[in-house]
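[1] When you get a sec, could you give me coordinates for this:
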Amino acid sequence: MAQFNKDEWIVIGEFSSLYSYCFTDLYVTSLVADPQWFLGAVLCRGSHVVHSLPRLPVSVISGNMAQFNKDEWIVIGISGVTCGGKTTLANKLKESLVPVYVFHQDKYFYPDDSPNHIKCVGLEHNNYDILSALDMEKMMQDVLDTLNGKDKSHASNVVKSKGKKEIKGKKFLIVEGFTALNYKPILDICNLRYYFILEYAACASRRALRLYSPPDVAGYFDGCVWPAHLRYRAEIEKDRRVILLDGTRPDVFETVMNDVTALGAVSVE
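    Presented below is the predicted three-dimensional model:
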């Protein structure tokens, strides 16, 4: 087992005790019956940034995510900064495309008392702005189930009506959430990928108007929300497949609809 080039590989043990890794090249194989243990190997091609993600199941990151008929679907991923306009865009697309199925990442937060949560440094408050705060395994499985004909979406629009856009022989699936595209299994199944950005002041002022449950505590935005966003945004900006959207612009919906039209969408007659 030890006869391999150790200069080319990083081997990781009990992944369930670590939270969140983002790798450029990840190869996974199960070593023992317990799926929380695996050999994760990264072919080193320069430095890799490592920080908060959730434990990924071997079954998902080793290829099950691709087991659906890609010829039948257009998958649109919408991610990015808090209060950037993700849900608004997803809802507009739901009313404009047909048939369409929508998933909201914030439906997958672990309960407040879950041991999966990590406390913010210096605050008696869970950090809800990192991937490990969400049950991404369940989200991915629900998405896959829907792509394979068992609808588990949070909203849908399957009634054709004049003015909506369709692509003959295809269905649309939209996944939206602040770190949805930082979860590689979701990122990789998307046909179109969008990431909202805002400057600090605009984001902070919008966030201050929102009421969360549990509510933000003093210092949470500056200590957790914004630093986490900057880390996740830095990851996204390395991927040229992702289009950045300015959350202050009024034409983001038109930008996305133009891309959908370029894929062959036409108006329902």
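[2] how about residue 105, what does it touch?
    If you count contacts by C-beta atoms under 8 Å, 6 or more residues apart in numbering, residue 105 has them with 134, 139, 175-180. Glycine gets a C-beta too; all of them are placed from N, C-alpha and C.
[3] With residue 218 as the reference, measure out to it.
    Counting by C-beta to C-beta, to the nearest Å, the separation of residue 105 from residue 218 is 26 Å.
[4] now do residue 202
    From residue 202 to residue 218 the distance is 21 Å (C-beta to C-beta).
[5] where does the chain have its least confident helix or strand?
    Using mean pLDDT, DSSP states H and E, strand 39-41 stands out as the lowest-scoring helix or strand of the chain, at a mean of 33.
[6] so what does the host helix or strand of residue 259 touch, helix or strand wise?
    For residue 259, the element it lies in under DSSP states H and E is helix 252-262. Applying 3 or more C-beta pairs under 8 Å, 6 or more residues apart in numbering; DSSP states H and E, we find helix 252-262 packed against strand 73-80, helix 86-96, strand 165-166, strand 192-197, strand 242-246.
[7] Of the ones you listed, which stretch is the most buried?
    strand 73-80 (a mean of 24; mean count of other C-beta atoms under 10 Å).
[8] and it, how far out from the chain's middle?
    Offset of strand 73-80 from its chain centre (C-alpha atoms, centre = their mean, to the nearest Å): 9 Å.
[9] Could you list the alpha-carbon positions for it in PDB?
    C-alpha atoms of strand 73-80 as PDB (Å, rounded to 0.1, in the frame of the first residue of the first chain):
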ATOM      1  CA  TRP A  73     -32.200  18.800 -18.800                       C
ATOM      2  CA  ILE A  74     -30.800  22.400 -18.600                       C
ATOM      3  CA  VAL A  75     -29.400  22.900 -15.100                       C
ATOM      4  CA  ILE A  76     -28.900  26.500 -14.000                       C
ATOM      5  CA  GLY A  77     -26.900  27.300 -10.900                       C
ATOM      6  CA  ILE A  78     -27.300  30.600  -9.100                       C
ATOM      7  CA  SER A  79     -25.000  31.400  -6.200                       C
ATOM      8  CA  GLY A  80     -23.200  34.300  -4.500                       C
END
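[10] mean confidence score for that strand?
    Mean pLDDT, strand 73-80: 98.
[11] do stretch 260-269 as well
    The average pLDDT within stretch 260-269 is 96.
[12] And for residue 158, nearest residue in space, chain neighbours not counted?
    Computed as C-beta to C-beta, 6 or more residues apart in numbering, the closest residue to residue 158 that is not its neighbour in sequence is residue 99, at 4.1 Å.
[13] ok, residue 144 to residue 214 distance?
    Taking C-beta to C-beta, one finds residue 144 at 31 Å from residue 214.
[14] Comparing the two, which residue is more hemmed in?
    residue 144 (19 against 10; other C-beta atoms under 10 Å).
[15] Just want the angle from the helix or strand encompassing the more buried one to strand 73-80.
    Secondary structure from DSSP H and E places residue 144 in helix 136-147. If you take axes from the mean of the first three to the mean of the last three C-alpha atoms, to 10 degrees, helix 136-147 sits at 150 degrees to strand 73-80.
[16] Helix 136-147 packs against which elements?
    In this structure, helix 136-147 packs against helix 58-61, strand 100-104, strand 171-176, helix 184-189, with contacts taken as 3+ C-beta pairs under 8 Å, 6+ apart.
[17] hmm, back to that, let's have the contacts of residue 105 in TSV, adding distance to residue 123 and pLDDT.
    Below are the contacts of residue 105 laid out as TSV (distance: C-beta to C-beta, whole Å; pLDDT from 0 to 100):
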residue	distance to residue 123	pLDDT
134	19	98
139	26	97
175	30	98
176	27	98
177	23	98
178	19	98
179	20	98
180	25	98
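[18] number of nearby residues for the closest residue to residue 128 other than its chain neighbours?
    In space, and not counting its chain neighbours, residue 128 is closest to residue 109: 6.5 Å by C-beta to C-beta, 6+ apart. Residues lying near residue 109 (other C-beta under 10 Å) number 15.
[19] Next: residue 202.
    Here the count is done by other C-beta under 10 Å, and residue 202 has 16 residues near it.
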